[in-house]
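1. just coords:
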């Protein structure tokens, strides 16, 4: 009997793309279900994630799991091929520490820096750069955070490798560059050049257009507010 594996996601969400990447790394076949997260969440999404009512949701043989990092741990424990966590307890704890840092500290700080009003931007950019500096220290000259292969921290930091660079292009800001953070910038290139990662990323032009439209909306709102 074949397994039922479904992913409820949104095309430009780094969180649901994390789940897809982990499944692809494990060689797990799955059905992808696109959700209209802004206007019309499906009854199934609300049924399977009644607490947060958000994507992603992994449905495995009728059992729903929500929250991307929880899902990644479930995937690791369920499908043993191509591990994304080390076996050593201490190393595993360190991976979880940096995963949590990337998810809870870096991502919100970078998002805030990218979209903050001008009068708040300098402070937000400083805080975001401090997060990038700290995260870069975890690389320690390795190809990936997981060593020679993509691991849990790499997957959790997918936003930095792809989404952040497009936000920079759309907004004209520069948070991450080869000059400021050479090791981290090199990692984004290494990560983004992996074939399995490429398969798990949204279309570049479509995502850039999405961000540019958001920039235009923000500028219009600021203009209207100053009238």
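-> It's in. Quick caveat, the model's predicted, so the values are computed rather than measured. Numbering: from 1, shown residues only.
2. quick one: contacts for residue 158?
-> Contacts for residue 158 (C-beta atoms under 8 Å, 6 or more residues apart in numbering) come out as 14, 17, 18, 21, 191, 197, 200, 201. (C-beta placed from N, C-alpha, C; glycine too.)
3. equivalent analysis for residue 71, please.
-> For residue 71, the residues meeting the contact criterion (C-beta under 8 Å, 6+ apart) are 18, 19, 22, 56, 57, 58, 65.
4. tell me the SS of residue 184?
-> Following DSSP: H, G, I helix; E, B strand; the rest coil, we place residue 184 in the helix state.
5. quick one: the helices in this protein?
-> Secondary structure of the chain by DSSP state H: the helices cover 14-26, 43-48, 68-78, 89-101, 107-115, 118-137, 152-156, 158, 164-171, 182-193, 195-198, 204-226.
6. dump the ones you listed to CSV, plus mean pLDDT.
-> As requested, those are arranged in CSV below (pLDDT from 0 to 100):
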stretch, mean pLDDT
helix 14-26, 98
helix 43-48, 98
helix 68-78, 98
helix 89-101, 97
helix 107-115, 94
helix 118-137, 94
helix 152-156, 98
helix 158, 97
helix 164-171, 94
helix 182-193, 96
helix 195-198, 96
helix 204-226, 83
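7. pick the most buried one from the ones you listed.
-> Neighbour counts averaged per stretch over the helices of the chain are highest for helix 152-156, at a mean of 27; criterion: mean count of other C-beta atoms under 10 Å.
8. for the helix or strand just after that helix, the distance to its chain's centre please.
-> Sequence-wise, the next helix or strand downstream of helix 152-156 (DSSP states H and E) is helix 158. Here helix 158 is found 4 Å from its chain centre; the criterion is C-alpha atoms, centre = their mean, to the nearest Å.
9. would you turn the helices of the chain into JSON lines with distance to residue 143?
-> As requested, these are exported to JSON lines (distance: least, C-beta to C-beta, whole Å):
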{"stretch": "helix 14-26", "distance to residue 143": "15"}
{"stretch": "helix 43-48", "distance to residue 143": "36"}
{"stretch": "helix 68-78", "distance to residue 143": "20"}
{"stretch": "helix 89-101", "distance to residue 143": "15"}
{"stretch": "helix 107-115", "distance to residue 143": "22"}
{"stretch": "helix 118-137", "distance to residue 143": "14"}
{"stretch": "helix 152-156", "distance to residue 143": "10"}
{"stretch": "helix 158", "distance to residue 143": "16"}
{"stretch": "helix 164-171", "distance to residue 143": "19"}
{"stretch": "helix 182-193", "distance to residue 143": "6"}
{"stretch": "helix 195-198", "distance to residue 143": "13"}
{"stretch": "helix 204-226", "distance to residue 143": "23"}
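10. which residues touch residue 46?
-> Contact partners of residue 46, counting by C-beta under 8 Å, 6+ apart, are residue 53.
11. that one and residue 40, how far apart?
-> As defined by C-beta to C-beta, to the nearest Å, residue 46 lies at a distance of 11 Å from residue 40.
12. tell me which of the helices of the chain lies nearest to residue 3.
-> Residue 3 lies closest, by C-beta to C-beta, to one member of the helices of the chain: helix 68-78, at 9.4 Å.
13. and the closest one, how far out from the chain's middle?
-> Using C-alpha atoms, centre = their mean, the offset of helix 68-78 from its chain centre is 15 Å.
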